[in-house]
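Chemist: Build me a model:
(chains A and B)
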There are 2 protein chains.
Amino acid sequence: MTYRAPINDILLSLNHGAGLAAAVEAGHYGDFDGDITAAVLEEAGKFASDVLAPLNKVGDEHGIKLDNGKVTTAPGWPDAYQRWTAAGWNAVSGPEAFGGQGLPLAINAACTEIWSASNVAFGLCPLLTLSAIEALDAHGNDELKKIYLEKLVTGEWTGTMQLTEPNAGSDVGALRTRAERADDGTYRIKGTKIFITYGEHDMTDNIVHFVLARLPDAPAGTKGISLFLVPKFLVNADGSLGERNDIHASGVEHKLGMHASPTCTMTMGDKGGAIGYLIGEENAGMRCMFTMMNQARLGVGLEGVGIADRAYQQALAYAQERRQGKAIGKALGHKGDGMDPIIVHPDVKRMLMQMRSMTAAARTICYATAVALDVSVRAKDAKVRADAAARGALLTPIAKAFSTDIGNEVAYLGVQIHGGMGFIEETGAAQHYRDARITSIYEGTNGIQSIDLVTRKLGANGGASVWVLLDELAATIKQVETSNDPAFGTTGAKLRDAHAALARASKWLLERLAAAPNEALAGATPYLRLFGATLGGCMLAGEALAAKANGEAEPQRYVALARFFAENIAVQAPSLEKTVTESAEAVTGADAVLAG
Amino acid sequence: MTYRAPINDILLSLNHGAGLAAAVEAGHYGDFDGDITAAVLEEAGKFASDVLAPLNKVGDEHGIKLDNGKVTTAPGWPDAYQRWTAAGWNAVSGPEAFGGQGLPLAINAACTEIWSASNVAFGLCPLLTLSAIEALDAHGNDELKKIYLEKLVTGEWTGTMQLTEPNAGSDVGALRTRAERADDGTYRIKGTKIFITYGEHDMTDNIVHFVLARLPDAPAGTKGISLFLVPKFLVNADGSLGERNDIHASGVEHKLGMHASPTCTMTMGDKGGAIGYLIGEENAGMRCMFTMMNQARLGVGLEGVGIADRAYQQALAYAQERRQGKAIGKALGHKGDGMDPIIVHPDVKRMLMQMRSMTAAARTICYATAVALDVSVRAKDAKVRADAAARGALLTPIAKAFSTDIGNEVAYLGVQIHGGMGFIEETGAAQHYRDARITSIYEGTNGIQSIDLVTRKLGANGGASVWVLLDELAATIKQVETSNDPAFGTTGAKLRDAHAALARASKWLLERLAAAPNEALAGATPYLRLFGATLGGCMLAGEALAAKANGEAEPQRYVALARFFAENIAVQAPSLEKTVTESAEAVTGADAVLAG
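Modeler: I've put the predicted structure just below:
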């Protein structure tokens, strides 16, 4: 089946869950007034349904082929990419000075969800281009920007991020690729990178690689890393393509999922070294890399949301069609003696509600991250910008890890609802399950995200970012409680418990971070889950309140959704708190068990 | 890497967690004294490591081929099967009168885990033969037993279970395959079955199909189903193979995992109808089917355990070898300036402990189910047999669903620990993840297991089976508390909370089952999880106490393992209770959300 972008849900989430409308209202978005949002998303949804969604399975089945250094993508893919860039989709949030439309990141975030839902392996390519644009725009010199930025913004050329090496994955500082200074101010890069997404392909004339490498006299570790722009084809002064640079795809991986996305081993230096141009300062590559990574992390979170929504839509359609068994009780049942669609069974309803509510929560967390990143650069007031930057930094690891965990869990349930058919590749449910699996690994594993959350985001300012957010969430909970809407069920109580659990766990972690850091690290993963469950629950409740207040059609749908999440997901918060605060010894004392 | 059966863990689980030693001591196992157990398992482990484990990846990569009705299995598979049966492994628990060794099911359960861990797609074939043996032994007439039973017991021929049809999956009563009475007392079967595991293969000369079909005058639904034995080749009076029967593989599925196991569409009746022999009475096939299914359900639970253990072993080895980052704090760290193996990182330790402790809990639940089934037929005392039968019935859905959920979760973590390498098929971690996915679906989806637990097992006798078990668990918890071993941490408190939560949820469900069955059904899945987490936690604690009491080498390993499970998994019980008892309205009221 195809995919339909859930525009109403997306708009409610973006404007009211994630706070875009309030930020626009407060003037933090300058001239942007939000009138265009719905129209952009409608068009994105149309393109996704018509062009990208049908290619999703084609890509999975055909995969890609590497032959003599050239990668051929699946049938229809280059054409779809041309149409997609021609329609301006690569340039949604790009800088206007370089051909972009300058729309908010938040709108592009919704678009990213839509591309990912329709065809995640396709959407992954521009996601990396977007990271490259960010890095070049923020850290590149004018000459490089002039040559490369517009091509990247329009999508005429794509970008890559080249960090990983066989011995340098999560530990980026261990990388060995070497850069030597040439007399003309450029550099010669030699080395091998692995797991390079869209490192080589046939969808554009040129590819602009962003490569981390080490100068001969660089300090050890992360302080000795520099970022270089390494084009596949050198670019002549007139902008035309020149010679082929010394960077080549020497292998592609055979992967569990994302078959249509080429994951390349890139070799530089077979012919003396690839010509590279420094981005930013020498040995300051980590900073540039984080510029790329933060954008990419949010993008991967949105992949989780997108895959989840696609899996949900497919499972829902199957559950409405497939007939097995009969409903218990006439009120629920359909007429006649035949079998009922399986959606009548409470256990199937539970799975579908779990899929939908978890997807909705992850969506709003991701969008809220995008709004914070927008406000951190767009707001006039410096304090507002700084607060938004802190909020964006806090939310990024949650957006990435919680959403991709959920992408995997929802895809799992999607297979489950299909029963035996879910295990058959033809059905398509299994593809979402396979594709989702990488999202909790790449761009920093979810364990790395959790550690980032605890050490850098919670720990950095004594928890200040967390307390501010908790105050906002408390206000939402109060609104739920005072709304006196019985349809909320025990939502208020569940969220209050979750809120208290998150506050206590945060305090405990802050204390342990100083006193016994390994104990804090032991709780990082359950803490991130606790954070996501609490935050997501409050955000969905806030959306429901907004839907009621704004005269949304059938607002009680959102109340029921928020209630389900609170009573089934946020309800886990007290247990997660105990896992954080009372199981550290069980983790740090694991050596005896694991040795035997 | 290969697989090593964890014999010490298995023996502790079997004898003390699952209660085999106590049952033997009480005389419930007759002549069997348990002396042979360790030797049998050592040999099984050796065969699994030497012969089956190396074929696991071969099978995944080669898959099977169907050509003109003939299925070719992967290279080395027929030979391995011959060696496996020649060594007597198919006959471990088979009836001695028909060539079996008559050993306890509990020992065969441990063997099944070992086969599944080494090569789950291989082990699946004899699992179905075992079900066929059970059904034939329990319900077949002497003539059929004489011809078929010994061949099935030795594994010279394999068996299949043929229930599923395109419109009859979870709803078995909807099947349409027809059986017509022939003049000679046999039947002619016509119809199509799907998803038939090892429905056709090249590992044995003959295949004995057990087919559910409907007589022309049969009542509708499950009361009109009969079970037939349908051999691939008819058998002459002298035992030699006769004519080819009219049952053929007309298709095979392209699946997410279990590539080496042929999943066939079976067509009967192209030439007038397959000759079938009635098992049991006409229209009494459901009873026979449940005989097959219960055995198969436990077997699938053991697949979950086996895959989990294999995934754990592989992840552990990777975590000990792969170096990234440095440990925090000298006490933990390894010497030198280089990177540490990732096992030093608390988040990796957490994942490994989660994998190991969940696997151990699922193992003991499965073994305890097997012990109960053994005692239900072996004990001299009728009351003991009846109680054991009730216990076995109660535990079967938990053994199946909890263990296979865990198989999936552990395989997921196994991929995660491998980082990017986990997504690459070459690594092998992804195969476990793919293979595991079917286990929570086949032989009754885990949703069906949960419903079975709530309606038939909890509900059947007013909860009596549950209360008896809860009393036993309370005794274990008391022992933990009075042991005063600080290494248990908060194990006692966590288990006591879990126990109370399970008791309250059970009472609530019993009450709702009568008053509002859909509300009880809405809580079925979280209830089964709550049950498994509580039961598994108590069993691991019991094992740890036994390890200490029996002078096991390094008994504190088991204490640490039990503690981790209690503080990280069993701790979820109170939240799961709330999900059962306070979220039913959120589930049953889902229609408005799911419609929009």
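
Chemist: contacts, neighbours, all on C-alpha from now
Modeler: Noted.

Chemist: any idea how far stretch A:471-480 is from the chain center?
Modeler: In terms of C-alpha atoms, centre = their mean, to the nearest Å, the centre of stretch A:471-480 is set 26 Å apart from its chain centre.

Chemist: and if you look at stretch A:373-381?
Modeler: 21 Å.

Chemist: ditto for stretch A:174-185
Modeler: How far stretch A:174-185 lies from its chain's middle: 32 Å, per C-alpha atoms, centre = their mean.

Chemist: and that stretch, which residues are buried?
Modeler: A:174-181 (16 or more other C-alpha atoms under 10 Å in any protein chain shown).

Chemist: okay, those in JSON lines with secondary structure next?
Modeler: What follows is these, written out as JSON lines (DSSP: H, G, I helix; E, B strand; the rest coil):
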{"residue": "A:174", "secondary structure": "helix"}
{"residue": "A:175", "secondary structure": "coil"}
{"residue": "A:176", "secondary structure": "coil"}
{"residue": "A:177", "secondary structure": "coil"}
{"residue": "A:178", "secondary structure": "strand"}
{"residue": "A:179", "secondary structure": "strand"}
{"residue": "A:180", "secondary structure": "strand"}
{"residue": "A:181", "secondary structure": "strand"}
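
Chemist: List just the nearest of those to chain B.
Modeler: Nearest to chain B among the buried residues of stretch A:174-185 is residue A:174, at 8.2 Å by C-alpha to the nearest C-alpha.

Chemist: Quick check: the gap between the closest one and residue A:218.
Modeler: From residue A:174 across to residue A:218, the span is 12 Å (C-alpha to C-alpha, to the nearest Å).

Chemist: With residue A:558 instead?
Modeler: Using C-alpha to C-alpha, one obtains 55 Å as the distance from residue A:558 to residue A:218.

Chemist: who's in contact with stretch A:270-287?
Modeler: Residues from elsewhere that reach stretch A:270-287 (C-alpha atoms under 8 Å, 6 or more residues apart in numbering or on different chains): A:136, A:139-141, A:186-190, A:212, A:214-215, A:218, A:222-231, A:245-247, A:268, A:288.

Chemist: And chain B, is the helix or strand where residue A:110 lies touching that?
Modeler: Using DSSP states H and E, residue A:110 falls within helix A:105-139. No: Helix A:105-139 lies apart from chain B when judged by C-alpha under 8 Å from any C-alpha of the partner chain; the minimum separation is 14.2 Å.

Chemist: Which other helices and strands does that helix contact?
Modeler: helix A:37-47, helix A:53-62, helix A:150-154, strand A:158-162, helix A:285-321, helix A:346-378 (3 or more C-alpha pairs under 8 Å, 6 or more residues apart in numbering or on different chains; DSSP states H and E).

Chemist: burial count for residue A:381?
Modeler: Other residues lying near residue A:381 total 13 when counted by other C-alpha atoms under 10 Å in any protein chain shown.

Chemist: before we move on, what about residue A:271?
Modeler: Counted with other C-alpha under 10 Å, residues neighbouring residue A:271 total 10.

Chemist: ok, now how distant is it from residue B:386?
Modeler: Residue A:271 sits at a distance of 79 Å from residue B:386 (criterion: C-alpha to C-alpha).

Chemist: ditto for residue A:183
Modeler: Counting by C-alpha to C-alpha, the separation of residue A:183 from residue B:386 is 89 Å.

Chemist: Over to residue A:509?
Modeler: Taken as C-alpha to C-alpha, the span from residue A:509 to residue B:386 is 52 Å.

Chemist: likewise residue A:91?
Modeler: In terms of C-alpha to C-alpha, residue A:91 sits 71 Å off from residue B:386.

Chemist: Let me see the contact set for the nearest residue to residue A:213 once chain neighbours are set aside.
Modeler: Nearest non-adjacent residue to residue A:213, counting by C-alpha to C-alpha, 6 or more residues apart in numbering or on different chains: residue A:177, 4.8 Å away. Residue A:177 makes contact with A:189-193, A:212-214, according to C-alpha under 8 Å, 6+ apart.

Chemist: go on, residue A:4?
Modeler: A:45-46, A:49.

Chemist: Quick check: phi and psi on the residue lying closest to residue A:380 once chain neighbours are set aside?
Modeler: Nearest residue to residue A:380 in three dimensions, chain neighbours excluded: residue A:28, at 6.6 Å (C-alpha to C-alpha, 6+ apart). Per-residue torsions, residue A:28: phi -70, psi -10 (degrees, to the nearest 10).

Chemist: Just to check, residue A:28 is in contact with residue A:375?
Modeler: Yes: judged on C-alpha atoms under 8 Å, residue A:28 makes contact with residue A:375 at a distance of 5.9 Å.

Chemist: Tally up the residues packed near residue A:486, please.
Modeler: In terms of burial, residue A:486 registers 10 neighbours under the definition other C-alpha under 10 Å.

Chemist: That one and chain B: what is the separation?
Modeler: 11 Å (C-alpha to the nearest C-alpha, to the nearest Å).

Chemist: How far does stretch A:211-225 stretch from one end to the other?
Modeler: Distance between the two ends of stretch A:211-225: 10 Å, counting by C-alpha to C-alpha.

Chemist: May I see the buried residues of that stretch?
Modeler: A:211-215, A:218, A:222-225.

Chemist: Next, the distance between the ends of stretch A:230-250.
Modeler: 16 Å.

Chemist: Give the rounded mean pLDDT of that stretch.
Modeler: For stretch A:230-250, mean pLDDT is 97.

Chemist: Could you do stretch A:552-568 as well?
Modeler: On average, stretch A:552-568 scores 95.
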